[in-house]
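> pasting the sequence and the predicted coordinates here, then a few questions.
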Amino acid sequence: MAGSNFNNPVVDGIAAGRKLAPVIMRNVVQRVQLYNGKGVTEEFSDNPLYYEIRIVRIKPLTQEARTYGETTNGGGFNSLDPEQPVTESYGLTMAHTIDLPIDIAQSSMDMIPLDLLNGTATVLDQKIAKNVNASTMAEQLAKALNYQYNGGTPLNDHVVTATLGTTDLLDAFFDLSTILDNGDIDNGVDAFPLESRAFQIRPTVKNYFQKSGKAVYDLGNWKGQDMLKIGAFDPETYPNVHVDGSLGEINQTMFFVTPDAIWTLAEKYLGLTAGDLAEVYGILSSAEGTGRGIAFSRNIVVGQSPRGQGVRIYPLYRWGHETWFEKSVALLVKTGFTSVGTGALKVIGDGSR
């Protein structure tokens, strides 16, 4: 049984007072980063309460142009059989959930005169946002890394390598952008739109972007000085690190700084060891390639705890995502990076591993 530690705090042998702060120290956790139209598409999930959402794409037509007067098919009418539209189906599985009940004893609420109920709901929301960010990142990483490295000889057509402190990161970013400019012709995409892209980078990469001067700021003009003042990547955006990490846009692409805590959780989703992705510096993604569904309408229910006097929070948050097109993701990696994992990476919640 824990006894009262009445000797503490003590200053020079004199008992000092102790007072509980009237507010709870807040955690600082970023909100969901990628959003509909920036890195992911969420418009397919208008009814996300199902386990799986089926999405249909009409594939491009296969017919070719012909030329009048030629021996082959050059007459007034096309001599080939008519073409019919062909569709391809994709699935968006709503498989991830956070639903473990949380008990708050009445005695705890009585003895600690703080708003434990609302405070717990707040940290639960933070837990959800962090997991949605990490699992979405893991989804895109799994598809990109499986495509690049786990199919035999590395393809190296959807990665750009960089040496921090040496490589011009602005040049590296535009090299990544060029990769997505080439689209994914096998899936009916000639070029992934600029305005649908998002670039998530580690804090160390943000640091080198800003320190290089050339990459973001031109200190010879007042716009560059204004950007330096607020730490933005463009003159119209007021960046935030603690809200959703948005830094501004370059080449119509939204930049997000994603702290290492999210990358580490993404490693858990992929069944990796913390630090396995340390040499992946950034993820450039297009909304056309990744779908995500959010089923948060059930949210939380608060009821009587069956264990005794107190309350039980019953959360029910469910979400899912799928990267259909591997070529919609391009990675900025450390020079010399080769592979992670020992086989095909798969996104599984750590509570189910």
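Great, that's in hand.

> which parts of the stretch 51-200 of the chain are helices?
106-111, 116-148, 169-181 (DSSP state H, counting those that start in this stretch).

> ranking those helices by burial, who's on top?
Here the criterion is mean neighbour count by mean count of other CB atoms under 10 Å, and of these the winner is helix 116-148, at a mean of 20. Where you see a C-beta, it was placed from the backbone N, CA and C, and this is true even at glycine.

> and it, what does it pack against?
Where contact means 3 or more CB pairs under 8 Å, 6 or more residues apart in numbering; DSSP states H and E, helix 116-148 is packed against strand 96-98, strand 102-105, helix 106-111, helix 260-269, strand 280-286, strand 290-304, strand 310-323, strand 329-334.

> distance from that helix to the middle of the chain?
Helix 116-148 has its C-alpha centroid displaced from the chain centroid by 7 Å (CA atoms, centre = their mean, to the nearest Å).

> ok, Ile128 touching Ile98?
Yes. Using CB atoms under 8 Å, Ile128 is in contact with Ile98, at 6.0 Å.

> between these two, what contacts are shared?
Tyr317 (CB atoms under 8 Å, 6 or more residues apart in numbering).

> burial measure for Glu64, as a count.
Applying other CB atoms under 10 Å, we find 7 residues neighbouring Glu64.

> can you check the pLDDT for it?
Per-residue confidence (pLDDT) for Glu64: 83.

> what does it show for phi and psi?
With angles defined as degrees, to the nearest 10, Glu64 sits at phi -110, psi 160.

> and the helices of the stretch 51-200 of the chain: which comes nearest Leu331?
With distances scored as CB to CB, the stretch of the helices of the stretch 51-200 of the chain nearest to Leu331 is helix 116-148 (5.5 Å).

> got the angle between that closest one and strand 290-304?
Relative orientation of helix 116-148 and strand 290-304, computed by axes from the mean of the first three to the mean of the last three CA atoms, to 10 degrees: 160 degrees.

> residue contacts, Thr62?
Glu83.

> how close does it get to Asp115?
Counting by CB to CB, to the nearest Å, the gap from Thr62 to Asp115 is 63 Å.

> Thr264 too?
Using CB to CB, we find Thr264 at a distance of 30 Å from Asp115.

> hang on, the earlier thing: can I get the helices of the stretch 51-200 of the chain in CSV including mean pLDDT and distance to Leu92?
Converted to CSV, the helices of the stretch 51-200 of the chain look like this (pLDDT from 0 to 100; distance: least, CB to CB, whole Å):
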stretch, mean pLDDT, distance to Leu92
helix 106-111, 78, 40
helix 116-148, 89, 11
helix 169-181, 94, 21
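
> adding distance to Glu288 as columns, could you present those helices in JSON lines?
JSON lines is the format used below for the helices of the stretch 51-200 of the chain (distance: least, CB to CB, whole Å):
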{"stretch": "helix 106-111", "distance to Glu288": "48"}
{"stretch": "helix 116-148", "distance to Glu288": "13"}
{"stretch": "helix 169-181", "distance to Glu288": "10"}
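
> among these, which comes closest to Arg31?
Judged by CB to CB, the one of the helices of the stretch 51-200 of the chain that comes nearest to Arg31 is helix 116-148, at 5.2 Å.

> what angle do that closest one and strand 280-286 make?
For helix 116-148 against strand 280-286, the angle by the same axes, to 10 degrees is 90 degrees.

> distance of Leu80 relative to Glu64?
Leu80 sits at a distance of 9 Å from Glu64 (criterion: CB to CB).

> next one: Ala129
Taken as CB to CB, the span from Ala129 to Glu64 is 49 Å.

> and stretch 248-261, how far out from the chain middle?
Remark: stretch 248-261 is offset 11 Å from the chain centroid, using CA atoms, centre = their mean.

> contact partners of it?
Here stretch 248-261 makes contact (CB under 8 Å, 6+ apart) with 30, 33-34, 38-39, 130, 133, 137, 170, 173-174, 177, 194-195, 197-203, 206, 216, 227, 232-234, 236-237, 239, 241, 244-247, 284.

> let's see it at 6 Å
Contact with stretch 248-261 is made by 33, 38, 177, 194-195, 197-200, 203, 206, 232-234, 237, 239, 241, 245-247, as judged by CB atoms under 6 Å, 6 or more residues apart in numbering.
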